[in-house]
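In: for reference, the sequence and a predicted model appear below.
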Amino acid sequence: MLRLLGLGLGWIALGAAVSLLLLGFTVGAFAVVVLSAPVLGEEYGTAVGLSLLCVGLPISFVLAVATHELGHVFAGACAGFRPQFAHIGPITFTRRAGRWRLGWDGRQSWLGGRAVCARRPGSRARVAAFLLAGPSANLVTGVAAAVWFADAGSPALPRCWAGLFAVQSLFFSVVNLVPVRYRRLDSDGLALCRLFAGCGLKGE
Ligand SMILES: [Zn+2]
């Protein structure tokens, strides 16, 4: 009974955390749009300005996902693990014979990425560093982009795209630490939770 109660409370806490994250993401994205749209409109005209803003959404999304996966791959290589595979949406990077090969796989999740390294006997600290590297890369670049966006004197278009990148990066930095399993893959947070039980090296 107590176990069921604990499980129920856990799910409620998880739901509340995800709801708060989504609310923060929505508010942040809305603030960037409200602050950027008039400036872009003045500089490029309303239609072109709004089009540039819309184009910035997928571009900043891809860059934020790429930053996350690069963080994993870089940390994995530094920890002595052998990077094998990464994907950013349907774009894949496979390492064979020491060389990275670019590919396309429409079966991969189009709204995310993943980095896989071959595990080598090592300390848990190395595995933890590999798992934390993705969210950390998002946090560092997200804060840098937010600082850029805060400078009202910056050129309108890069400032707007920096704002969109900042919101998505900061969102990814936190949401990837939520301990969930999605499409048969553990989030970085869940993999960290399972670290002491022995986890694979699949950073999402
Ligand atoms: Zn990750």
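Out: Perfect, thanks for sending it.
In: wait, what's in contact with the residue nearest the centre of the chain?
Out: With distances taken as C-alpha atoms, centre = their mean, the residue of the chain nearest its centroid is F172 (3.7 Å). Taking C-beta atoms under 8 Å, 6 or more residues apart in numbering, we find F172 in contact with 64-65, 68, 134-135, 138, 142. Bear in mind the C-beta positions are built from the backbone N, C-alpha and C, glycine included.
In: just the helices in the protein please.
Out: 2-44, 46-78, 124-150, 156-175, 188-193 (DSSP state H).
In: what about A13, neighbour count?
Out: For A13, the count of nearby residues is 10 (other C-beta atoms under 10 Å).
In: what of G89?
Out: Number of residues near G89 (other C-beta under 10 Å) recorded here: 19.
In: what's the spacing between the residue nearest to it when sequence neighbours are not counted and the ion?
Out: Spatial nearest neighbour of G89, chain neighbours left out: W110 (4.7 Å); criterion: C-beta to C-beta, 6 or more residues apart in numbering. Noted for W110: a distance of 17 Å to the ion, by C-beta to the ion, to the nearest Å.
In: show me the contacts for the closest residue to the ion within the chain.
Out: Nearest residue of the chain to the ion, counting by C-beta to the ion: G134, 3.1 Å away. Taking C-beta under 8 Å, 6+ apart, we find G134 in contact with 68-69, 71-72, 115, 172, 176, 188, 203-204.
In: ok, now S136?
Out: Counting by C-beta under 8 Å, 6+ apart, S136 touches 71, 173.
In: follow-up on the earlier one: nearest to F93, of the helices of the chain?
Out: helix 46-78 (8.4 Å; C-beta to C-beta).
In: which elements pack onto the closest one?
Out: Applying 3 or more C-beta pairs under 8 Å, 6 or more residues apart in numbering; DSSP states H and E, one finds that helix 46-78 contacts helix 2-44, strand 82-88, strand 113-118, helix 124-150, helix 156-175, strand 202-203.
In: need these in CSV with mean pLDDT, can you?
Out: Output for those, formatted as CSV (pLDDT from 0 to 100):
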stretch, mean pLDDT
helix 2-44, 87
strand 82-88, 91
strand 113-118, 90
helix 124-150, 95
helix 156-175, 95
strand 202-203, 55
